[in-house]
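Enquirer: Build me a model from this:
(one chain, ligands or ions: 1)
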Amino acid sequence: MYQISIEDSDEVFDCAADRNVLKAMEKLGRSGIPIGCRGGGCGVCRVQVLGKGQYHTGKMSREQVPADDEKKGICLACKLIPESNLRLKVLGKWQKHFSDNRVSENQKLGT
Ligand code: FES
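Expert: Okay, the predicted model is just below:
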């Protein structure tokens, strides 16, 4: 089990080593986040892995994640499998849902 933290909202949640990050996030019942194809094609769940987190990804649309972006740690949460704790920045359509919904210290998810 790894800890995933969202830089934009200070939220933290657990993700099993064989689960994708989107599934773990959905399990929390996070309200208001747009969910797309869940298949690496639509780009709704674009995130960037910050720092030195270890992870691997399933097949992602090159249109949504060009090779240059992938080198910067950008990937799709529905295809992102953690291999260590990860710190993520949300991109694309998720951005406003997380930045508008900052949670206070004692409301952090997963604690
Ligand atoms: S939900 Fe469509 S790419 Fe992740």
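Enquirer: only C-alpha atoms for contact and neighbour calcs from this point on.
Expert: OK.
Enquirer: Kindly report the residues of this structure close to the ligand.
Expert: Selection of the chain residues close to the ligand by C-alpha under 6 Å from any ligand atom yields 35-45, 76-78.
Enquirer: Just the buried ones from these?
Expert: In the residues of the chain next to the ligand, burial by neighbour count holds for 38, 40-45, 76-78, counting by 16 or more other C-alpha atoms under 10 Å.
Enquirer: Mind pulling the model confidence for the residue positioned nearest the centre of the chain?
Expert: In the chain, the residue lying closest to the centroid (C-alpha atoms, centre = their mean) is residue 77, at 4.3 Å. You'll see residue 77 listed with a pLDDT of 95.
Enquirer: ok, longest helix in this structure?
Expert: Scanning the chain for the helix with the most residues, using DSSP state H, yields helix 21-27.
Enquirer: Packing partners of it?
Expert: Judged by 3 or more C-alpha pairs under 8 Å, 6 or more residues apart in numbering; DSSP states H and E, helix 21-27 is in contact with strand 11-15, strand 80-82.
Enquirer: buried stuff in that helix?
Expert: If you call a residue buried by 16+ other C-alpha under 10 Å, then helix 21-27 has these buried ones: 21-25.
Enquirer: just stretch 75-93 next, same as before
Expert: 75-91.
Enquirer: Would you mind measuring the gap between the ends of that stretch?
Expert: End-to-end distance of stretch 75-93 (C-alpha to C-alpha, to the nearest Å): 14 Å.
Enquirer: again with stretch 22-34
Expert: 11 Å.
Enquirer: re the thing from before, just the buried residues of stretch 75-93: which are in strands?
Expert: 75-76, 80-82, 86-90 (DSSP state E).
Enquirer: wait, which of those residues is closest to the ligand?
Expert: residue 76 (5.2 Å; C-alpha to the nearest ligand atom).
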